[in-house]
Structures are given as structure tokens and as C-alpha cells.
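> no sequence for this one, just the structure:
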């Protein structure tokens, strides 16, 4: 059986010869061919030899590891990306959790489903507008990267945090709820269109949902977050006019 290994630390033909000679001393090794330029070692063996045994044979100057196939490298890269993405989105999940728990606590005794949705939307807007207002200069630039209306009307990006803040107050204070629901459908509907296009085009950009203070990637979580608010707004509008 033949296996290809990556060998780092080799700098000259002397290193190449040293690695070949050391590996050839191992029992069950039939032949060793080292490629200095590729930093690889092709080892033919009669039975499997652990990488740890190969490493122990070499000096500390060299490091040997089994060469991964292209599929294995792609799988490892995808796994790292997913872990990194989840880590980046943790603040978003945490804030969503706090908002949900707060809305439940306000309405659980006695349970009020309509009140829960109104308070959830109100807290959502208040909290998210807070993060946007932390960097009012930077937010419009990030927002117009994916929001269709902000691209056409730049001032809309500047006004958006204040629109969210106003909607939050309206929901929490129960002021003109039908109007607030309609505005929610319009502004989040427009943003969701932009988010969907970005995700379909597989563009890697920063999500401005929590402003620029937290570096969040544009992911499906952003789409789901907007969709939840849109669904709640639709449900409440149906109730309001029935």
C-alpha cells in the first residue's frame, strides 16, 4: 500500500535525503520517495504505520502529516466556516432569545398571544435601533449594500434607525397599531427582498441588522429574523380587521 504525506521543514536536498533515510529505517516501510518542491513523501508500506510513529522517527525540525484529498480539504473548510459563522451569529441569537423571554414574561399571566407579538415586535425594534444608532454614520453605508430602497434613496438609510425606534414605541405603547403593522410590512418586505437577492447571489457582505458595532455576516438567519416579524405583522393585521 502507498500513502502520500505532507512533510514540512525541509529546505534543501540534504533535508530530503535525511527524511528519506530516517523513514526507510521503519519496519514495514518498503520504499520512500520525497519530493522537496511539493513537500511530500510517498511511502510504500507492507502494513499500516501510524503517523505518530513516522513523526517520532524524524527529528523535531520536520513535521509529517497524512495528505488530505481535495474532498477532505473541502469538508474541513466547510466545517470551519460553519463553526465560524455560528460563532459570529451568537450575539444575534442571544439578543433574539432575550427579546423572546422578555415578551413571554410580560404576557404569560394570563397568557396573551396578541400582547406577546406586539411586545416582541416593540422590543425587537427598540433593541435593534439602539445598535444602529451606535454608529449612525457607518450604518447607512452597510445598509445600502443590500436594501433596495436605501440604494436608491440614501437618506432612507439615515432615517431607518429612527423609523425602527418610532415603531418600537408605537408597539409597546399600543399607539396606532394598524399603521405600525403596515409600515413593518413595507420596510421589512423591502429589506427581505434585498437579503434574498444577496443570499441567492452568494455574496459575502456584512449584515447591518445590528448596526456596525457587531460584525455579523449576511446569512439565512437574517432572512428568518425578518420573516418572523413579517408573519407576526400579517397575523396581527388579520386580527385587527376581523
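Yep, it's here. Since this is a predicted model, take the numbers as computed values, not measurements.

> hey, let's count contacts and neighbours off CA atoms from now on
Will do.

> wait, residue 33 sits on residue 42?
Yes. With the criterion set as C-alpha atoms under 8 Å, residue 33 and residue 42 qualify as a contacting pair; they are 5.1 Å apart.

> domain parsing of this structure, as residue ranges.
Following the assignment in automatic domain parsing, the chain carries domains at 2-67, 83-240.

> buried ones in the helix or strand containing residue 189?
Applying DSSP states H and E as the criterion places residue 189 in helix 177-200. Residues of helix 177-200 classed as buried under the neighbour-count rule (16 or more other C-alpha atoms under 10 Å) are 177-178, 180-181, 183-185, 187-192, 194-196, 198-199.

> with stretch 107-121 instead?
107, 115, 116, 117, 118, 119, 120, 121.

> a markdown table for those, including secondary structure?
Converted to a markdown table, the buried residues of stretch 107-121 look like this (DSSP: H, G, I helix; E, B strand; the rest coil):
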| residue | secondary structure |
| --- | --- |
| 107 | helix |
| 115 | helix |
| 116 | helix |
| 117 | helix |
| 118 | helix |
| 119 | helix |
| 120 | helix |
| 121 | helix |
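
> most widely separated two among these?
Farthest apart among the buried residues of stretch 107-121 by C-alpha to C-alpha are 107 and 121. That separation is 13.4 Å.

> circling back: not counting the helix holding residue 189 itself, show me its contacts.
By C-alpha atoms under 8 Å, 6 or more residues apart in numbering, the list of residues contacting helix 177-200 from outside reads 146-149, 167, 170-171, 218-220, 222-223, 226-227, 229-230, 233-234, 236-237, 240.

> please pick the buried ones from those residues.
Neighbour-count burial (16+ other C-alpha under 10 Å) is assigned, among the contacts of helix 177-200, to 146-149, 167, 170-171, 218-219, 222-223, 226-227, 229-230, 233, 236-237.

> what about the nearest residue to residue 67 once chain neighbours are set aside, which SS state?
What sits nearest to residue 67 in space, not counting adjacent residues and going by C-alpha to C-alpha, 6 or more residues apart in numbering, is residue 5, at 4.7 Å. Three-state assignment for residue 5 (three-state DSSP): strand.
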